[in-house]
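[1] Structure of the sequence below:
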Amino acid sequence: MAIRIIIADDHTMFRAGIRGLLEKEDGIEVIAETGNGFDTIRAVSANQVDVLLLDLGMPGLPGARVAEAVLQEKPHLAIVVLTMHDKEFYLKELLKIGARAFVLKKSTGKELVQAIRSTYRGERYVDPSLAGRVISSFYDPSPRSQCRLDVLTPREKEVCTLLAYGYTNTEIAQKLCISDRTVETHRSNITAKLDLSSRAEIVQFAIDNGLLRTE
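    Below you'll find the model as predicted:
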């Protein structure tokens, strides 16, 4: 079944560009577009939708309030915030409300598609350019993830760091000049050794153990 998406942005040409990008992707279907906050709430209510691409600066109702409203009705809806705002305040507010992803408009189409597919699977995604700088504020250090860095090999530490920054297996393979299969093996070893089950837990471990730059 295709991932059903609503694009909510007040710029018609931008919506058209995003729609054109997504319609080239297998397994993704754009079912509606909206240009203001109230229309977005109505569209989500009236449709079977999996992912909402949400701009923050729409007329009628701010994006944060739209997110609150639609999640009250459909708490399992995956919201991908697509915005030009790169301030920590916006990221923190939207993730606390329940958005699953935060993507900057200057990001690549590949990154947007990755965010959509990740959130559809129930994962969180933060734009790689923001992850190391601000994501530490959303996780409290957990004793469960501390003091276990020594169980990882140097290569596993590298892979763990890149995973925490949001890179895909293929991107990591390219950066480290290894195969996708080798990356997947390292990823499996990391999660098994550390008893982790999601990317969010990998991010927390990386932060708690100093693998991410948070300056």
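
[2] drop to CA atoms for contacts and neighbour counts, all remaining ones
    Will do.

[3] what does the model give Asn47 for pLDDT?
    pLDDT for Asn47: 95.

[4] Look up how far Val70 lies from it.
    Distance of Asn47 to Val70, given as CA to CA, to the nearest Å: 12 Å.

[5] More neighbours: those two, which one.
    Val70 (20 against 13; other CA atoms under 10 Å).

[6] Please identify which helix or strand holds the residue nearest to Thr182 when sequence neighbours are not counted.
    Excluding the flanking residues, the one nearest Thr182 by CA to CA, 6 or more residues apart in numbering is Ala173, at 7.8 Å. For Ala173, the element it lies in under DSSP states H and E is helix 169-176.

[7] buried stuff in that helix?
    Neighbour counts over helix 169-176 (16 or more other CA atoms under 10 Å) mark Asn169, Ile172, Ala173 as buried.

[8] and it, how far from the chain's centre?
    Relative to the centre of its chain, helix 169-176 is centred 18 Å away, using CA atoms, centre = their mean, to the nearest Å.

[9] what element comes up after it heading to the C-terminus?
    helix 180-194.

[10] Identify the residues contacting that following helix?
    145, 148, 151-152, 155-156, 159-160, 169-170, 172-173, 196-197, 202 (CA atoms under 8 Å, 6 or more residues apart in numbering).

[11] one step back: tell me if I'm right that the residue nearest to Thr182 and Leu162 touch.
    No. Counting by CA atoms under 8 Å, Ala173 stays clear of Leu162, with 10.2 Å between them.

[12] and Val80, what helix or strand is that in?
    Secondary-structure element containing Val80, defined by DSSP H and E: strand 78-83.

[13] So which elements touch the very next helix or strand once past that strand?
    Downstream of strand 78-83, the first helix or strand assigned by DSSP H and E is helix 88-97. Applying 3 or more CA pairs under 8 Å, 6 or more residues apart in numbering; DSSP states H and E, one finds that helix 88-97 contacts helix 63-73.

[14] Distance of the spatially most central residue of the chain relative to Leu21?
    With distances taken as CA atoms, centre = their mean, the chain has Tyr125 as the residue nearest its mean C-alpha position (1.7 Å). Distance, Tyr125 to Leu21, using CA to CA: 19 Å.

[15] so where's the chain shaky on pLDDT?
    Residue ranges of the chain with pLDDT under 70: 89, 131-147, 200, 207, 212-215.
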